[in-house]
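Enquirer: Sequence and predicted model, in that order:
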Amino acid sequence: MPPTSALARTRLAARACAAAALWLAAALPASAQADAGGAVRDNGCMRCHAMERTYVGPGFAQIAERYRNDAHAEAYLAGRIRNGGAGEWGRALMPRHPRIGEEEARSLARWILAQRKG
């Protein structure tokens, strides 16, 4: 039965708004994660990296595990994505990706840091 009093309608509306806000808070990061996951494929990252295991380079979950508690990890990984590097994970070279902009590199770094094993 629908609420009849103004107070009951206000409470119902407040609950509906709160539920919508919670849904949006959960949905937006997921869509951002999906966008970054697509960028991982579009930029050819999967040619050298797997999700969990070492392929040519380390798996994304391995990278996340190493850097997850580092406050500067996002900026560091974004720099590695754009500028490449060597020696962090053995002898394999990480090539430069200068066509990836700073914000996209940071988005990719956040996506990497969110990966988990298993």
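Expert: Here it is on my side, so go on. Residues are numbered from 1 along each chain as shown.
Enquirer: what about A114, how many neighbours?
Expert: A114 is flanked by 16 other residues according to other Cβ atoms under 10 Å. Every C-beta, even on glycine, is put in place using the N, C-alpha and C of the backbone.
Enquirer: Does it touch A64 like I think?
Expert: Yes. With contact defined as Cβ atoms under 8 Å, A114 counts as touching A64 (6.9 Å).
Enquirer: Helices of this protein, residue ranges please.
Expert: Taking DSSP state H as the test, the helices found in the chain are 6-42, 60-67, 73-83, 102-113.
Enquirer: tell me, what residue is most central in this structure?
Expert: Centroid check for the chain by Cα atoms, centre = their mean gives W111 as the closest residue, at 1.9 Å.
Enquirer: check contacts around it.
Expert: With contact taken as Cβ atoms under 8 Å, 6 or more residues apart in numbering, W111 is in contact with 33, 36-37, 39-40, 60.
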